[in-house]
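[1] Structural data only, the sequence is not supplied:
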């Protein structure tokens, strides 16, 4: 296995999968993990075997890959507005159970017209913005849009969904995950009740990221949680207190290629190997460097260029040219998407090479 490469500890991964399945079961909610983290149908299958009700994806192309891999219940948690993507979703919906996202009147119109032209009915969930200020209709406008969707002959409104992460209602990030999760859950249940007051059935109330799922999922009226990162965890989740570094199943193995100075070591992995979307020292996480260097507590992966990683090391650090090191990335989801394959270790000395089948599926 040439470096740099991404290795997955299968024992830790399966433990993470089972624990989140237990969280969902204890709270009486469905688990629909977001597969953006691993992008591998085989691992999605393991999540389903552990009790997940279905999976979540962000793009039609991801859904197509997962369907080809045998996954039969898929939610595209993203507004589809171009005719080509809607047509692809309609085709996919003939072979698997499919739900798609919508967050605007124009989006609903486009979905409805395309479905009508194929004499089909498309299951949709209405996305609600609960504080992240990304996609999603404002909470106070959700009931009106839900009524419009409900009146569309070729759309079936299944429910509502949101993604908020570790932020509060005002959009500010927080380390108080319980408060964030409870706010998220209660706001969504309130929106669902407002829609029901209009005589519209709301079957699904879907929410929750890895840090907030245990709390949001415990709010009465929530029906589904959609965490993703939990399958591997990463340094960001450890900093949030969601897991320990020892529970992180994914790490990058890299080789020291140069020791030009006593306080500097260069590895063969840079920004084409490690995600850079979670920046060092950004509040509230305040992470030092781009990953946790396992076994070298004073080493900091402080700079990246495309093919080089620069580690600040202690003068007494014995890292030598040719040594390999293991680094837990700050953000594993974006890191996985940089790799064509991962190496899954089974805990008994065996290693299996798995293709990241949905890597680069951006459309």
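    Alright, I've got the coordinates. Because the structure is predicted, anything quoted here is derived from the model rather than measured.

[2] Just the buried residues of stretch 248-268, please?
    For stretch 248-268, the buried set under the neighbour-count rule, 16 or more other C-beta atoms under 10 Å, comprises 248-257, 259, 265-268. Backbone N, C-alpha and C define where each C-beta goes, glycine included.

[3] what does stretch 147-154 give?
    Within stretch 147-154, the residues that qualify as buried by neighbour count (16+ other C-beta under 10 Å) are 149-150, 152, 154.

[4] between those, which is nearest residue 184?
    Distance ranking of these against residue 184, using C-beta to C-beta, places residue 149 first at 22.1 Å.

[5] mind checking pLDDT for the nearest residue to residue 291 once chain neighbours are set aside?
    Closest residue in space to residue 291, ignoring its immediate chain neighbours: residue 327 at 4.1 Å, by C-beta to C-beta, 6 or more residues apart in numbering. The confidence metric pLDDT takes the value 98 at residue 327.

[6] Quick check: end-to-end length of stretch 208-217?
    Start-to-end span of stretch 208-217 (C-alpha to C-alpha, to the nearest Å) is 7 Å.

[7] Farthest pair within the buried residues of stretch 147-154?
    Put simply, by C-beta to C-beta the two of the buried residues of stretch 147-154 set farthest apart are 150 and 154, 12.0 Å from each other.

[8] Burial check on residue 7, number of neighbours?
    Residues contacting residue 7 under the criterion other C-beta atoms under 10 Å number 17.

[9] in the sheet, who's paired with it?
    Going by DSSP bridges, residue 7 is paired in beta bridges with residue 251, residue 343.

[10] That one touches residue 342, doesn't it?
    Yes: distance between residue 7 and residue 342: 7.0 Å, which falls inside the contact criterion (C-beta atoms under 8 Å).

[11] Need the overlap of contacts for these two.
    Contact criterion C-beta atoms under 8 Å, 6 or more residues apart in numbering; residues bridging residue 7 and residue 342 by contacting each: residue 250.

[12] Identify the residue nearest residue 209 in space, chain neighbours excluded?
    Nearest residue to residue 209, sequence neighbours excluded (C-beta to C-beta, 6+ apart): residue 165, at 4.9 Å.

[13] pretty sure the one you found belongs to a strand, no?
    No: with DSSP: H, G, I helix; E, B strand; the rest coil as the criterion, residue 165 is coil rather than part of a strand.

[14] Please give me every residue in contact with it.
    Applying C-beta under 8 Å, 6+ apart, the residues near residue 165 are 132, 173, 209, 211-212.

[15] tell me the two of the residues you listed that are most distant?
    Spanning the widest gap among the contacts of residue 165 are 132 and 211, at 13.1 Å by C-beta to C-beta.

[16] Would you mind telling me which of those two has the busier surroundings?
    Neighbours were counted for residue 132 and for residue 211 using other C-beta under 10 Å; residue 211 has more, 26 against 16.
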